[in-house]
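S.K.: Return a 3D structure for these sequence lines:
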Amino acid sequence: MFEGFRREFVATAGADIHAVIGGDGPPVLLLHGFPQSHVMWHRIAPALAERFTVVCADLRGYGDSAKPPGDPAHETYAKRAMAQDQVDLMAALGFDAFGLVGHDRGARVAHRLALDHPDRVERLALLDIVPTLTLFETVNRQVATLYYHWFFLIQPDGLPEHLIGLDPEGYLLHKLGAWSRNPDAFTDEALALYLRTFRDPAAIHAMCEDYRAAASIDLEHDRADRTARIACPLLVLWGRHGAMERCYDVLATWREKADDVRGHALDCGHFLPEEAPDETLAALLPFLEAGAG
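M.R.: Presented below is the predicted three-dimensional model:
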């Protein structure tokens with residue numbers, strides 16, 4: 001897994017960030033989502049590395065990156081802070097501007113990064129999300145049922161941390177199975193690596209803080225930037241058998257946020273890079289290559 005990639009730990013202003021780096025060429029940063037880590041890119045990163053310098057990073061609080069404790073205002077896990085980690089990581093690796101691909105929580109960090117640092121992002125791909133503010137402002141029974149974890153993980157006083165901590169493996173496997181069309185898409189090696197970091201109480205707390213920030217300080221930032229638009233070309237991909245397809249016109253939600261938008265659904269559930277790696281790669285490669293010069 002990630003043969004030929006090297007591991008790096010970079011001390012940013014906010015947290016020590018772990019990443020694996022491989023390939024040669026224009027830089028592309030890949031950001032994972034919940035409840036995973038950089039490992040989720042293992043099926044497509046080697047192919048991307050034939051054309052690009054690929055950086056697969058663990059978000060603050062996830063994988064092997066640092067897991068600082070949360071704070072009452074949830075600023076520690078604000079997407080603004082998590083995006084700054086990634087800007088600092090890429091700068092430390094020598095990249096001032098780069099292509100950016102995010103899935104799930106990583107896509108929310110990527111959206112904030114593109115707004116806060118438009119000069120850094122040359123092309124942006126967001127996988128299986130609609131904007132955070134859009135989702136919170138349009139919650140109905142169907143959205144709340146399919147995305148109940150948004151409202152479970154934000155509960156205070158350590159309640160979700162305690163409940164998940166009673167059986168972290170069971171919770172992780174439930175999420176992967178419930179959100180995928182093909183649970184067999186996850187290799188034994190990937191599952192073992194996900195579980196190794198997911199069972200850490202500090203990681204469980206960090207992931208809850210990520211969601212608590214999304215329901216508080218992130219919304220403040222998003223409301224302040226309600227009219228801000230993504231400046232670079234945007235590719236949006238999502239699973240045809242997932243919640244976003246059932247609940248939203250995904251492209252329409254992003255055309256409210258950017259001018260240059262294209263994308264389509266893939267024949268999979270939520271975890272595009274593992275469930276549909278060939279299709280994901282076929283969509284990403286020409287999009288990223290168009291900006292590689």
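
S.K.: residue contacts, L31?
M.R.: Shown in contact with L31 (CB atoms under 8 Å, 6 or more residues apart in numbering): 57, 59, 86, 100-103, 105-107, 109-110. (Each C-beta comes from the backbone N, C-alpha and C, glycine too.)

S.K.: Number of residues surrounding H117?
M.R.: 16 (other CB atoms under 10 Å).

S.K.: which SS class is E279?
M.R.: Secondary structure, DSSP: H, G, I helix; E, B strand; the rest coil: E279 is helix.

S.K.: excluding its backbone neighbours, what's nearest it?
M.R.: Closest residue to E279 apart from its sequence neighbours, by CB to CB, 6 or more residues apart in numbering: L266 at 4.7 Å.

S.K.: Pull up the gap between the one you found and P201, please.
M.R.: Separation of L266 from P201 (CB to CB, to the nearest Å): 35 Å.

S.K.: same thing with G14?
M.R.: For G14, the distance to P201 - CB to CB - is 21 Å.

S.K.: what secondary structure does T134 sit in?
M.R.: T134 carries the three-state label helix when classified by three-state DSSP.

S.K.: For it, list the residues it contacts.
M.R.: Contacts for T134 (CB under 8 Å, 6+ apart) come out as 248, 253, 256.

S.K.: Among those residues, which one sits closest to M82?
M.R.: Among the contacts of T134, T253 lies closest to M82 (CB to CB), at 21.4 Å.

S.K.: Unless I misread the structure, that closest one falls within a helix.
M.R.: Yes: counting by three-state DSSP, T253 falls inside a helix.

S.K.: so it makes contact with T132?
M.R.: No: between T253 and T132 there is no contact under CB atoms under 8 Å: 10.7 Å.

S.K.: coming back round to it: got a quick PyMOL command for the buried subset of the contacts of T134?
M.R.: Paste this into PyMOL to select the buried members of the contacts of T134, with burial taken from 16 or more other CB atoms under 10 Å:
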select buried, resi 248+253
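
S.K.: Which secondary structure element is home to the residue positioned nearest the centre of the chain?
M.R.: The centroid of the chain falls nearest to G106 when counting by CA atoms, centre = their mean (1.6 Å). G106 belongs to helix 105-116 when assigned by DSSP states H and E.

S.K.: Does that helix pack against any helices or strands, and if so which?
M.R.: Helix 105-116 sits against strand 27-31, helix 79-92, strand 98-103, strand 121-127, helix 217-224, with contacts defined as 3 or more CB pairs under 8 Å, 6 or more residues apart in numbering; DSSP states H and E.

S.K.: Test my guess that P201 contacts L166.
M.R.: No: contact criterion CB under 8 Å: P201 and L166 do not qualify, at 11.3 Å.

S.K.: quick one: which of the two has more around it?
M.R.: Using other CB under 10 Å, the more surrounded residue of P201 and L166 is P201, with 14 against 8.

S.K.: Need the per-residue pLDDT for the closest residue in space to the more buried one that isn't next to it in sequence.
M.R.: In this structure, P201 finds its nearest non-sequential neighbour in G165, 5.9 Å apart by CB to CB, 6+ apart. The model reports G165 with a pLDDT of 97.
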